[in-house]
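Asks: The following comprises the amino acid sequence and a computationally predicted model.
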Amino acid sequence: MRMKDDGGDTALHKAVRTGCVDTVRLLVKQDPDFEFPANNAGETPLYLAAESGLVNCLSVILKYCNRPTYSCPCGRTNLHAAIIQKNMGSASSLWEWNKALCEETDISDWNLLHYAVKLGLRVVVRKMLGWKTSLAYTPAGNGNEWETSIHIAASEGYVNMIRELSFHCPDSLEMLNSRGQNALHITMAALLSI
């Protein structure tokens, strides 16, 4: 059960890839204390299920695995993978399992709210800000180049997203990015470049 192939895949990796829920259930129940670590590509079985939108496989792993590994490629979490791929069923299951995954940042220092804003997922943004408004104030990016969620919404031209962010965090409209710009500056620059 714990053996790996040349790519680092366990039997559970293979079962998740095929979407065979019964096999996933059997494997996880046989060894619930095994962490099912990442393969050579940095993919855990939980990550594969989240990214592919295999909600049934994901639910089985979350239910029966006592210590699932939730690190993923690029420093992302399984919840990042689900949101980036717009797999809302997977995202909902992971959200209920561990809301704190929203606060985790990837190697680009983007948290889940940054991706949800970039993708225009207003319902997800509303849910996250209803849980923790401080997510909107976290800078996205690292070093000398960073911005916040409101800047991302402005650069994408998402008026409804700007409304959502400003409803939950009215002072976010005044926040400055690393270049000293607020959301209005970003919006005007986008309009002038058209």
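Replies: Looks like it arrived, so ask away.

Asks: domain parsing for the protein?
Replies: Domain segmentation of the chain under automatic domain parsing yields 1-104, 108-194.

Asks: Packed most tightly, which of the ones you listed would that be?
Replies: A comparison of the domains of the chain by mean neighbour count, using mean count of other C-beta atoms under 10 Å, puts domain 1-104 on top with a mean of 19. (Each C-beta comes from the backbone N, C-alpha and C, glycine too.)

Asks: From the centroid of the chain, which residue is nearest?
Replies: residue 80 (1.5 Å; C-alpha atoms, centre = their mean).

Asks: Mind giving me the packing neighbours of the host helix or strand of that residue?
Replies: In the assignment (DSSP states H and E), residue 80 maps to helix 78-84. Packing partners of helix 78-84 (3 or more C-beta pairs under 8 Å, 6 or more residues apart in numbering; DSSP states H and E): helix 45-52, helix 88-97, helix 112-118.

Asks: what sits up against the second one?
Replies: Contact with helix 88-97 is made by 49-51, 53-55, 58-59, 62, 77-79, 81-83, 101-102, 124, 127, as judged by C-beta atoms under 8 Å, 6 or more residues apart in numbering.

Asks: Kindly report the same for the first one.
Replies: The contact list for helix 45-52, computed with C-beta under 8 Å, 6+ apart, reads 10, 12-13, 15-17, 19, 24, 36, 38, 43, 54-55, 57-58, 61-62, 65, 68-70, 72-73, 78-79, 81-82, 84-85, 87, 90-91, 94.

Asks: for it, the distance to its chain's centre please.
Replies: Distance of helix 45-52 from the chain centroid (C-alpha atoms, centre = their mean, to the nearest Å) equals 12 Å.

Asks: Give me the phi and psi angles of residue 71.
Replies: Main-chain dihedrals, residue 71, degrees, to the nearest 10: phi -80, psi 150.

Asks: sorry, that was for residue 141
Replies: Per degrees, to the nearest 10, the backbone of residue 141 is at phi 110, psi 170.

Asks: in what helix or strand does the nearest residue to residue 172 once chain neighbours are set aside lie?
Replies: Leaving out its chain neighbours, the residue that sits closest to residue 172 by C-beta to C-beta, 6 or more residues apart in numbering is residue 150, at 4.5 Å. With secondary structure defined by DSSP H and E, residue 150 is part of helix 149-156.
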